[in-house]
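> structure for the following, please:
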Amino acid sequence: MEPMLIDATERSPEISFDFVANNYLIRGESYPEDVNEFFGKIIEALEKHFATLDGAVVNFTFELIYFNSSTAKILMGLFELLDATAAKGNTVNVAWKHEEEDDNMQELGEEFGEDLEHAKFQLISIES
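Below you'll find the predicted structure:
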């Protein structure tokens with residue numbers, strides 16, 4: 001599967017997915033006008049690809065500085081997909097990067113991480 005690269009805009013995050021290496025990154029701000037239109041094809045591609053994995057190592061990094069409630073729902077579904085992928089015998093490493101002084105983003109990451117049963121979760125503080 002070809003890499004998926006989408007540049008960040010004022011309202012949508014950077015998407016950098018390498019399906020061959022199983023390295024995935026979502027970075028920036030996310031409050032697109034139509035969250036389903038923006039994330040629909042992205043989630044669909046992940047679901048198709050993850051369904052083919054067996055014994056793979058998946059590295060997924062979130063480095064968000066802001067997202068709205070519509071994006072939060074998408075993220076919840078994405079975390080469920082990552083956990084289900086790990087439950088099927090794959091190793092899934094999730095990194096939630098947040099700016100050192102951003103307590104809100106840290107707390108959101110902690111909440112998402114608590115819901116994971118099978119995927120490995122790491123909260124990473126980065127300097128502002």
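> now name the helix or strand holding residue 64.
Using DSSP states H and E, the secondary-structure element containing residue 64 is strand 57-67.
> quick check: mean pLDDT of the following helix or strand past that strand?
Once the chain leaves strand 57-67, the next helix or strand it forms, by DSSP H and E, is helix 69-87. The average pLDDT for helix 69-87 rounds to 97.
> what packs against whichever helix or strand comes after helix 69-87?
Per DSSP H and E, the first helix or strand lying C-terminal to helix 69-87 is strand 91-99. Contacts defined by 3 or more Cβ pairs under 8 Å, 6 or more residues apart in numbering; DSSP states H and E place strand 91-99 against strand 57-67, helix 69-87, helix 103-114, strand 120-126. (C-beta placed from N, C-alpha, C; glycine too.)
> the longest one to helix 103-114, inter-axis angle?
Regarding helix 69-87 and helix 103-114, their directions subtend 40 degrees when assessed with axes from the mean of the first three to the mean of the last three Cα atoms, to 10 degrees.
> again, but for the first one
With the same axes, to 10 degrees applied, the angle from strand 57-67 to helix 103-114 works out at 150 degrees.
> identify each buried residue in strand 57-67, please.
58, 59, 60, 61, 62, 63, 64, 67 (16 or more other Cβ atoms under 10 Å).
> the second one now?
Neighbour-count burial for helix 69-87, with 16+ other Cβ under 10 Å as criterion, is recorded at 70, 71, 74, 75, 78, 79, 81, 82, 83, 84, 85, 86.
> and for the last one?
Neighbour counts using 16+ other Cβ under 10 Å place residue 121 of strand 120-126 among the buried residues.
> can I get stretch 42-51 as CSV, trimmed to CA atoms?
Output of stretch 42-51 as CSV, limited to C-alpha atoms (Å, rounded to 0.1, in the frame of the first residue of the first chain):
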residue,chain,number,x,y,z
ILE,A,42,-7.9,7.7,6.4
ILE,A,43,-9.7,5.4,8.8
GLU,A,44,-10.9,3.2,5.9
ALA,A,45,-7.3,2.7,4.7
LEU,A,46,-6.2,1.8,8.2
GLU,A,47,-9.0,-0.7,8.8
LYS,A,48,-8.2,-2.4,5.5
HIS,A,49,-4.5,-2.5,6.2
PHE,A,50,-4.8,-3.6,9.8
ALA,A,51,-7.1,-6.4,8.8
